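*Asks:* structure of the sequence below:
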Amino acid sequence: MRAACQKVANTRDRNLPNMPPHTAWTSQTPPLEGVVVLDLSRYIAGPYCTMLMADAGATIIKVEPPAGDDTRGLEPFVPGPSGESVSAYFIRMNRGKKSIVLDLKTASGREELAALVRKADVLVENFAAGVLERLGFPQEHLYEINPSLIYCSVSGFGHSQSPMKHRPAYNIVAEYEAGVFYQKDANAIPAPVGPPVGDMFPALHALSGLLMALYRKAMTGEGGRVDIAMYDSMLSLNEIRSTYALLYGKDWDPSAHPFYAPYGVFPVRDGYICIDVTTPPQWEGFCEAIGSPEIAQRAGLGTGPERVKRFDEVIREPLEQWLSRQTRDEAVDRLSEYRVPAAVIRNPGEALASSQARSREMELEVSGDGVSITTVGNPIKIDNWCGRAHGKAPSLNGDRDWILREILGRTIEVEESRR
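*Replies:* From the prediction side, this is the model:
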């Protein structure tokens, strides 16, 4: 591995020209410093991916239409300095990026995008299939402009080998089509799982694919295509339940785990906790924790499937009696003392405000357009670089001069004369 890393370092200047010489790097250097990314994406799946890249030090050039990204007009809003509405949605997904307005319906806008493509390492978009082609930038043309470009698309059903690629999709479309939903029982109406996993999980797959492609580019100088389908990501997310259905010919019962017990959500004096007993040592620790060590010695309870079958008969009553005397924190502290996986069930605001979230730097203040909001920080921690978010969300077209000067090498005076 060390030899491979040295090879990357030795070829970095030749194959990733935007990156600084490897001799200038330290453990404090942001991992993606010098990587230039054109971000044509909007909403969540693309912007979340590029937001994490911005946190890692990449230069993210957010290309917006004249009216601005659609999400600048989406709730929730917070009041701006002059009483105007500022989108918290936009701020939280676009921190650390730089904004330039290009009208891709005009020849001049397309010319400027082509100039940026020529200088970029990566292009990310999440248009529906065919949109970028209609704007004059099919894949072949992008590689004519920049043969070493890494081109990443995130769409509902993918671009290559996809009979459904022209169908529009948001997160719940991909989720439901791939069987990702919550259903209390067979007669209940399927409901969304909650968070927009149909956007967030594909964004992480896009990030993974981009990092793989950047590694290959550092080694070979070659660019490439990263084609992420939200549908594929949801099938991957749902792997265990899909495999269960194929193997057993029936759907997973969401009310209980088929292989582990005790498992699930249980009431206590002041709310709910979850418990997940999987291994034999955890089972023994669970019985000790609830004050019923003799249950662990009973025959026919040694494996998860055995405990599933006999849960109501043997386990439920002593567990519920013990839980009825506990608060959330008391129960979880006691179970954790015996190495039993358990957690307090918290609402999202309570979780983000917790000491655990603060200690992990997961509660973050982000600013943009004169306002500041609290949102979720970066979960990626690498050695001495802790994934700290940097920079504010950009104002519309607020970085045009910087981009023209620093990325395209133009003088502002010349640009003014062209307008």
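*Asks:* what are the boundaries of the strands in the chain?
*Replies:* 36-39, 59-64, 77-79, 85-87, 98-101, 122-125, 150-155, 224-229, 263-268, 271-276, 342-344, 363-368, 371-376 (DSSP state E).
*Asks:* I'd like these laid out as CSV, including distance to Ala299.
*Replies:* Glycine gets a C-beta too; all of them are placed from N, C-alpha and C. Conversion of those to CSV gives the following (distance: least, Cβ to Cβ, whole Å):
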stretch, distance to Ala299
strand 36-39, 60
strand 59-64, 61
strand 77-79, 61
strand 85-87, 61
strand 98-101, 67
strand 122-125, 58
strand 150-155, 53
strand 224-229, 49
strand 263-268, 21
strand 271-276, 23
strand 342-344, 26
strand 363-368, 49
strand 371-376, 47
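*Asks:* can you put those in a markdown table and add mean neighbour count, distance to Glu330 and mean pLDDT?
*Replies:* Formatted as a markdown table, these follow (neighbours: other Cβ atoms under 10 Å; distance: least, Cβ to Cβ, whole Å; pLDDT from 0 to 100):
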| stretch | mean neighbour count | distance to Glu330 | mean pLDDT |
| --- | --- | --- | --- |
| strand 36-39 | 25 | 47 | 98 |
| strand 59-64 | 24 | 46 | 98 |
| strand 77-79 | 14 | 38 | 95 |
| strand 85-87 | 20 | 42 | 95 |
| strand 98-101 | 21 | 50 | 98 |
| strand 122-125 | 25 | 47 | 98 |
| strand 150-155 | 26 | 44 | 97 |
| strand 224-229 | 22 | 44 | 96 |
| strand 263-268 | 16 | 8 | 95 |
| strand 271-276 | 18 | 10 | 97 |
| strand 342-344 | 19 | 10 | 98 |
| strand 363-368 | 18 | 25 | 92 |
| strand 371-376 | 16 | 28 | 93 |
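*Asks:* max-length helix in the protein?
*Replies:* The single longest helix within the chain, with elements called by DSSP state H, is helix 197-220.
*Asks:* hey, C-alpha coordinates of it in CSV?
*Replies:* Output of helix 197-220 as CSV, limited to C-alpha atoms (Å, rounded to 0.1, in the frame of the first residue of the first chain):
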residue,chain,number,x,y,z
VAL,A,197,-32.4,8.0,1.7
GLY,A,198,-33.3,7.9,-2.0
ASP,A,199,-31.2,11.1,-2.3
MET,A,200,-28.6,10.8,0.4
PHE,A,201,-27.5,7.2,-0.2
PRO,A,202,-26.9,7.7,-3.9
ALA,A,203,-24.9,10.9,-3.0
LEU,A,204,-22.6,8.7,-1.0
HIS,A,205,-22.3,6.2,-3.8
ALA,A,206,-21.5,9.1,-6.1
LEU,A,207,-18.8,10.3,-3.7
SER,A,208,-17.3,6.8,-3.5
GLY,A,209,-17.3,6.5,-7.3
LEU,A,210,-15.7,9.9,-7.7
LEU,A,211,-12.9,9.0,-5.3
MET,A,212,-12.2,5.7,-7.1
ALA,A,213,-12.1,7.6,-10.4
LEU,A,214,-9.8,10.3,-9.0
TYR,A,215,-7.4,7.6,-7.7
ARG,A,216,-7.3,5.9,-11.1
LYS,A,217,-6.8,9.3,-12.7
ALA,A,218,-3.8,9.9,-10.4
MET,A,219,-2.4,6.6,-11.4
THR,A,220,-3.1,6.7,-15.1
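*Asks:* now do the buried residues in that helix.
*Replies:* Buried residues in helix 197-220, defined by neighbour count with 16 or more other Cβ atoms under 10 Å: 197-203, 205-207, 209-211, 213-214, 217-218.
*Asks:* with stretch 190-197 instead?
*Replies:* The neighbour-count check on stretch 190-197 (16+ other Cβ under 10 Å) flags Val193, Pro196, Val197 as buried.
*Asks:* how close does the last one sit to Glu363?
*Replies:* Just to be clear, that refers to Val197. For Val197, the distance to Glu363 (Cβ to Cβ, to the nearest Å) stands at 22 Å.
*Asks:* now Ala174
*Replies:* Noted for Ala174: a distance of 29 Å to Glu363, by Cβ to Cβ.
*Asks:* circling back: from the buried residues of stretch 190-197, pick the one nearest Lys309.
*Replies:* Comparing the buried residues of stretch 190-197 against Lys309 with Cβ to Cβ places Val193 closest, at 27.6 Å.
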